[in-house]
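S.K.: Sharing a model that was predicted from the sequence below.
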Amino acid sequence: MAGLIASALANHSYAGGFGIIKGWFLFPLAFAVLAKNIVPEEKKENFFLALYLSALAVSAAGLAHYFLGQVTFDGRVQGIFNSPNYLAMYLAPALIIGLSFFNSGKFRKYLFIYVLSYGLILAVFYLTYSYAAWAALACVSIFIIFFRSNSRIKFKKIIIVSALALLILLSQWSNPKFRDLVSIQERSSLESRIMVWRAAQKIIADNWFLGTGPGNFQEKYLEYQKHFPPYLEWAVPHPHSLWLSFWLSSGMLGLAGFAGLVIVWIRKIAPKALTQNNSCISRPASRHLCLKNSSQDLDILRNFLNKSDANPNTDCTNYFMTVPKEKNAIWYASVGIMAYILLHGTVDTTYFKNDLAVIFWINFFMRL
């Protein structure tokens, strides 16, 4: 936050800059902090379910736009958003949540409803033709399957996901957008994005410490056109990179702060997610205990171990203390969403929008 304020002041970005700080940082951050501290632990998964249902409604609207012919000039669905990429960024976390919860068994009692809802979101996500979003989601899906599935079936699931990804890739072979991408045509979307990155690097070289201020990239981008051949893309509010956006909007201080927050979160959350599966304690084989990953777990475990039948002379076998899979699903969904934001963020701006900011901070704080 300090980097954003300093950059806004240094670049005289008062109205627009502080409006961005308020709408994309202060309010989403405050909402997430309040939600974390007010909502009981056992209710926090409802935030993920709400995001899933929200994405379902957005997908229904997007599908209606598609059938009404309200698509971009190149046939991509953008729905209620002003870009197909933004629609993909909003739907991807919901797809990660759906996969994590289904893989844990939480949705299996509502299998028919789940298949319909997930299929609708996935179909609209496909119709965005956002290749970077597709690739990031595929990587995260393989991660979730690998760590969440039984070892006997995980590789089968990974093969299925990989085969599906290959089929989707082949389905795009005749798409001009894809052919321009793989052949790196002079006027392809990839070449346009590379040009934006080069301009952003030049701007950073001249403003590396304080940046250009929140919301000023478009102006600077046009100002620096004299250093490059004619742009392929002129209306560019963000530099198509999460990291470049933070550097330019908040300077070196803001970039370091964001990177530090992400590193701390990963070091704290990722190990917990990866160790949410069974851990072993010694108890008589006839006993069974299932913890719910709540604040009362320690008392439950203490009472269980102090039962009168816990005779030290009793032959004990290894007993597995388990956290229910539906609770584990929240951890994997959270790690998956963060991984998606960072992966897709290497080639697009997955934060600088109010709804994306809310998703980021809710996901950031819910498991801390």
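M.R.: Nice, thanks for sending it over. Residues are numbered from 1 along each chain as shown.
S.K.: If we go by neighbour counts, what in the host helix or strand of Trp243 is buried?
M.R.: In the assignment (DSSP states H and E), Trp243 maps to helix 242-274. Going by neighbour count (16 or more other Cβ atoms under 10 Å), the buried part of helix 242-274 is 242, 244-255, 257-258, 265, 269, 273. C-beta: built from backbone N, CA, C; applies to glycine.
S.K.: next one: stretch 75-95
M.R.: 76-79, 81, 83-95.
S.K.: Helices of the stretch 1-150 of the chain, residue ranges please.
M.R.: Assigned helices in the stretch 1-150 of the chain, in chain order: 2-10, 15-21, 27-38, 45-67, 84-104, 111-127, 131-148 (criterion: DSSP state H, counting those that start in this stretch).
S.K.: Check these for me and report the most buried one.
M.R.: Per residue and on average, the most neighbours among the helices of the stretch 1-150 of the chain fall to helix 84-104, with a mean of 25 (mean count of other Cβ atoms under 10 Å).
S.K.: How far away from the center of its chain is that helix?
M.R.: On the basis of Cα atoms, centre = their mean, to the nearest Å, helix 84-104 is displaced by 8 Å from the centre of the chain it belongs to.
S.K.: hmm, back to that, elements contacting the helix holding Trp243?
M.R.: For helix 242-274, the contact count by 3 or more Cβ pairs under 8 Å, 6 or more residues apart in numbering; DSSP states H and E identifies helix 2-10, helix 189-206, helix 217-223, helix 325-344 as packing neighbours.
S.K.: Just the CA coordinates for the shortest one, please, in PDB.
M.R.: The C-alpha coordinates for helix 217-223 follow below in PDB (Å, rounded to 0.1, in the frame of the first residue of the first chain):
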ATOM      1  CA  PHE A 217       0.200   2.900 -18.000                       C
ATOM      2  CA  GLN A 218      -2.000   3.800 -21.000                       C
ATOM      3  CA  GLU A 219      -0.800   7.400 -21.000                       C
ATOM      4  CA  LYS A 220       2.900   6.300 -20.600                       C
ATOM      5  CA  TYR A 221       2.500   3.600 -23.200                       C
ATOM      6  CA  LEU A 222       1.300   6.100 -25.800                       C
ATOM      7  CA  GLU A 223       4.000   8.600 -24.800                       C
END
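S.K.: mean confidence score for it?
M.R.: The pLDDT scores in helix 217-223 average 93.
S.K.: who touches it?
M.R.: Surrounding helix 217-223, the residues in contact under the criterion Cβ atoms under 8 Å, 6 or more residues apart in numbering are 196, 199-200, 203, 207, 212, 234-239, 245, 248-249.
S.K.: could I get the helices and strands packed on helix 242-274 as TSV with distance to Val115?
M.R.: Converted to TSV, the helices and strands packed on helix 242-274 look like this (distance: least, Cβ to Cβ, whole Å):
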stretch	distance to Val115
helix 2-10	43
helix 189-206	33
helix 217-223	42
helix 325-344	17
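S.K.: Highest mean neighbour count out of those helices?
M.R.: Among the helices and strands packed on helix 242-274, ranked by average contacts under mean count of other Cβ under 10 Å, first place goes to helix 325-344 (a mean of 23).
S.K.: Direction-wise, compare it with helix 131-148 and give the angle.
M.R.: On the basis of axes from the mean of the first three to the mean of the last three Cα atoms, to 10 degrees, helix 325-344 is oriented at 150 degrees to helix 131-148.
S.K.: which stretches of the stretch 1-150 of the chain aren't confidently modelled?
M.R.: For the stretch 1-150 of the chain, the stretches flagged by pLDDT under 70 are 104-106, 148-150.
S.K.: circling back: can you lay out the helices of the stretch 1-150 of the chain as JSON lines showing distance to Trp331?
M.R.: Putting those into JSON lines (distance: least, Cβ to Cβ, whole Å) gives the following:
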{"stretch": "helix 2-10", "distance to Trp331": "30"}
{"stretch": "helix 15-21", "distance to Trp331": "31"}
{"stretch": "helix 27-38", "distance to Trp331": "15"}
{"stretch": "helix 45-67", "distance to Trp331": "10"}
{"stretch": "helix 84-104", "distance to Trp331": "9"}
{"stretch": "helix 111-127", "distance to Trp331": "20"}
{"stretch": "helix 131-148", "distance to Trp331": "10"}
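S.K.: so which of these comes closest to Tyr332?
M.R.: Of all the helices of the stretch 1-150 of the chain, the one in closest proximity to Tyr332, counting by Cβ to Cβ, is helix 84-104 (4.5 Å).
S.K.: Which strands or helices does the closest one pack on?
M.R.: helix 45-67, helix 111-127, helix 131-148, helix 325-344, helix 354-366.
S.K.: how far does the second one sit from the chain's center?
M.R.: Spelled out, it's helix 111-127. The answer for helix 111-127 is 18 Å, by Cα atoms, centre = their mean.
S.K.: What of the first one?
M.R.: On the basis of Cα atoms, centre = their mean, helix 45-67 sits 15 Å off its chain's mean C-alpha point.
S.K.: what's the angle from it to helix 354-366?
M.R.: Using the same axes, to 10 degrees: helix 45-67 against helix 354-366 is 160 degrees.
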